[in-house]
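A.B. asks: Below is the sequence, then the predicted model.
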Amino acid sequence: AQTVTQSQPEMSVQEAETVTLSCTYDTSESDYYLFWYKQPPSRQMILVIRQEAYKQQNATENRFSVNFQKAAKSFSLKISDSQLGDAAMYFCAYRSATNFGNEKLTFGTGTRLTIIP
Amino acid sequence: DGGITQSPKYLFRKEGQNVTLSCEQNLNHDAMYWYRQDPGQGLRLIYYSQIVNDFQKGDIAEGYSVSREKKESFPLTVTSAQKNPTAFYLCASSFSGRGNEQFFGPGTRLTVL
């Protein structure tokens, strides 16, 4: 079974600075997807960024980028120019790409990000 | 507006009562999912359904039941057999296929008194 580990329960960053959230995972598969979801105080889950394991290029979405290290099974999220609206819980998630019909997400325990004005 | 609706937002029930949480989507998604969120444990999958009239157990299905009679609807029943039902419940849906994004509803907070 796959597992996802987020070792930082809480992080804080000064507004306009850069912060990196860590995520490691364990899997025996070679084809999969990794995701970062954001959950603000409203508790609505919002997809931040997605990475396909067979793509070597790191995904980027505006101020959000990932550092995907497949061999190390590491998938960190970098938030540049942090804004007050970035304050939220961030969840790392894994999804198999090889088992059609079993497309569930496996989540980490989350990192609570605080933005300091 | 397209999206996923969950009702009610807050739900209170007495211990020993069954309760049904609603989830409806108008995104024409094939697959629907139920997750449970507890403090410090992230989200865990309860049940999922890829097509109408078919569903599969997730990691923590004990004490829960679902039905999928319509593509748009995937209600979750929390039965009296669920030992610790107080939690935040999230419904999600997606198109089937490689890496398709799961969209989440706003959630239901269930408190069992």
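C.D. replies: Looks like it came in fine. Numbers count the residues shown, from 1 in each chain, chains lettered A, B, ... in the order given.
A.B. asks: Quick check: bridge partners of residue 13?
C.D. replies: Unless you meant another one, I'm taking chain A. Counting by DSSP bridges, A:Val13 forms beta bridges with A:Ile115.
A.B. asks: that answer is for a different chain, and I need it for chain B
C.D. replies: B:Val112.
A.B. asks: what's near enough to touch it?
C.D. replies: B:Val19, B:Pro85, B:Leu110, B:Thr111, B:Val112, B:Leu113 (Cβ atoms under 8 Å, 6 or more residues apart in numbering or on different chains). The way it works is simple: take the backbone N, C-alpha and C, and place the C-beta from them, glycine included.
A.B. asks: ok, now A:Thr27?
C.D. replies: A:Gln2, A:Lys73, A:Tyr94, A:Ser96.
A.B. asks: ok, and the closest non-adjacent residue to the last one?
C.D. replies: It refers to A:Ser96. Of all residues beyond its chain neighbours, the one nearest A:Ser96 is A:Tyr32 (5.4 Å), with distances taken as Cβ to Cβ, 6 or more residues apart in numbering or on different chains.
A.B. asks: chain center to stretch A:11-28, what's the gap?
C.D. replies: 8 Å (Cα atoms, centre = their mean, to the nearest Å).
A.B. asks: I'd say the residue nearest to A:Ser96 and A:Gln51 touch.
C.D. replies: No. Contact criterion Cβ atoms under 8 Å: A:Tyr32 and A:Gln51 do not qualify, at 9.4 Å.
A.B. asks: of all the contacts of B:Arg13, which comes closest to chain A?
C.D. replies: Of all those, B:Leu110 has the smallest distance to chain A: 13.3 Å, by Cβ to the nearest Cβ.
A.B. asks: quick one: contacts for the closest one?
C.D. replies: Contacts of B:Leu110 by Cβ under 8 Å, 6+ apart are B:Leu11, B:Phe12, B:Arg13, B:Val19, B:Leu21, B:Val78, B:Pro85, B:Thr86, B:Ala87, B:Phe88, B:Tyr89.
A.B. asks: Just the buried subset of the residues you listed, please.
C.D. replies: B:Leu11, B:Arg13, B:Val19, B:Leu21, B:Val78, B:Pro85, B:Ala87, B:Tyr89 (16 or more other Cβ atoms under 10 Å in any protein chain shown).
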